[in-house]
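1. next one to model:
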Amino acid sequence: MKIVAYNIHYAIGKDNQYDLQRVVDSVQGADIIALQEVERNYGPPDGPLQPENIAALLPGYYWSFGAAFDIDGSERHPDGTILNRRIQHGQMLLSRWPILSKRYFPLPRLAIESEFNMQMGVLEGVIDTPLGALRVYNLHFGSVSSDERQRQADFMVAMVRDAASEGGAWTGAVTETDERDWTAGIPRPPMPRSAVVLGDFNMHPQSPEYAIIANAMSGSGEPPLSDIWARKNPGSQVMTWHPNPGRPGHEHSARLDYCFLTPDLVATARASWVDESAQGSDHQPLWIEFEHGTG
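-> Next up, the predicted model:
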């Protein structure tokens with residue numbers, strides 16, 4: 001089983017050109033795909049619907065989208081009718097296997113006035129994989145403030161730690177007195193302990209927000225999450241983001257993209273690597289491969 005995380009930078013590549021196909025080409029072969037900076041309706045009224053367009057290019061995948069940044073871009077026609085239109089920026093999750101349930105969580109944020117600072121979030125999908133049910137968290141931390149990211153790291157660790165005890169999309173059973181069967185006859189989706197947390201964390205490995213995640217402890221006294229790239233490539237350095245020359249204040253490449261695994265998955269992870277050849281974004285795809293096949 002292969003999983004890839006990729007901040008696609010709205011499909012604007014290193015040549016500053018828009019090309020959604022080369023983004024899709026860079027994630028071909030993955031069983032689960034976690035994309036960040038996916039947009040809807042940005043720009044003119046006919047702006048791209050990137051989730052739908054990506055799904056059309058990957059027709060063999062189930063998919064889900066969640067938007068942290070969601071503002072009104074509607075238009076009123078001369079006859080008074082409204083064209084409802086949301087300008088959205090968020091994350092997309094694609095899977096070869098059904099995404100049994102989805103939740104979306106806005107991350108804590110600070111009202112920072114010195115720089116543009118938008119709402120960020122976490123997309124959770126419970127996926128029915130051949131390895132068993134798996135929680136996948138596709139996240140994007142803020143880029144402006146370490147203080148804000150520390151709050152986001154605390155929130156994320158607690159969310160991942162507590163989810164299994166909260167249960168899946170519903171708990172309990174439908175009874176004769178219930179007005180409606182909200183289950184639609186579908187078996188109750190699980191909320192497994194196994195979890196993958198990946199995406200653009202906008203943090204350096206030496207940062208306090210990284211330390212919050214790496215040093216967190218579960219109730220059993222073990223680290224709830226492990227940085228799998230660091231585990232599989234000890235002592236190595238890699239850069240997953242490269243600066244746009246026209247963006248002042250961002251001159252140095254950095255490792256900003258990560259995948260953290262719960263302890264039960266660390267043992268089954270075979271390898272983790274960064275595709276340094278991809279040209280479709282200012283980020284590079286981060287891959288994780290597990291020992292077991294895809295069924």
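2. in the helix ranked longest in the chain, what counts as buried?
-> For the chain, the longest helix by residue count, based on DSSP state H, is helix 146-166. For helix 146-166, burial by neighbour count (16 or more other CB atoms under 10 Å) applies to 148-153, 156-157, 159-161, 163-164. Placement of C-beta: from N, CA and C, glycine included.
3. strands of the chain, start to end?
-> With DSSP state E as the criterion, the chain has strands at 2-7, 32-40, 62-72, 75-76, 82-83, 86-95, 99-106, 121-129, 132-140, 195-200, 226-227, 257-261, 269-274, 286-290.
4. how about the last one: buried residues?
-> Think strand 286-290. 286-290.
5. can you lay out those residues as JSON lines showing pLDDT and distance to A278?
-> Shown next, in JSON lines, are the buried residues of strand 286-290 (pLDDT from 0 to 100; distance: CB to CB, whole Å):
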{"residue": "L286", "pLDDT": "98", "distance to A278": "10"}
{"residue": "W287", "pLDDT": "98", "distance to A278": "11"}
{"residue": "I288", "pLDDT": "98", "distance to A278": "16"}
{"residue": "E289", "pLDDT": "97", "distance to A278": "17"}
{"residue": "F290", "pLDDT": "94", "distance to A278": "21"}
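6. if we can go back for a sec, hmm, who's touching the longest helix of the chain?
-> 105, 107-110, 112, 117, 120, 122, 124, 135, 137, 139, 141-142, 191-193, 195, 197, 201-203, 207-210, 212-213, 216, 218-219, 224-225, 262 (CB atoms under 8 Å, 6 or more residues apart in numbering).
7. weed out the non-buried ones from the residues you listed.
-> For the contacts of helix 146-166, buried by 16+ other CB under 10 Å: 107, 109, 117, 120, 122, 124, 135, 137, 139, 141-142, 191-193, 195, 197, 201-203, 207, 209-210, 212-213, 216, 224-225, 262.
8. A269 contacts I288, doesn't it?
-> Yes. The criterion here is CB atoms under 8 Å, and A269 meets it with I288 at 6.1 Å.
9. shared neighbours, these two?
-> With CB under 8 Å, 6+ apart as the test, A269 and I288 both reach 228, 261.
10. hmm, back to that, could you dump the longest helix of the chain to CSV, C-alpha only?
-> In CSV, the C-alpha atoms belonging to helix 146-166 read as follows (Å, rounded to 0.1, in the frame of the first residue of the first chain):
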residue,chain,number,x,y,z
SER,A,146,4.9,29.5,15.3
ASP,A,147,2.6,30.4,18.2
GLU,A,148,-0.4,29.6,16.1
ARG,A,149,1.1,26.3,14.8
GLN,A,150,1.8,25.2,18.4
ARG,A,151,-1.8,25.6,19.2
GLN,A,152,-2.7,23.7,16.0
ALA,A,153,-0.2,20.9,17.0
ASP,A,154,-1.8,20.6,20.5
PHE,A,155,-5.3,20.4,18.9
MET,A,156,-4.2,17.8,16.3
VAL,A,157,-2.5,15.5,18.8
ALA,A,158,-5.6,15.6,21.1
MET,A,159,-7.9,15.0,18.1
VAL,A,160,-5.9,12.0,16.9
ARG,A,161,-5.5,10.6,20.4
ASP,A,162,-9.2,10.9,21.4
ALA,A,163,-11.0,10.0,18.1
ALA,A,164,-11.1,6.2,18.7
SER,A,165,-12.8,6.6,22.1
GLU,A,166,-15.4,8.9,20.6
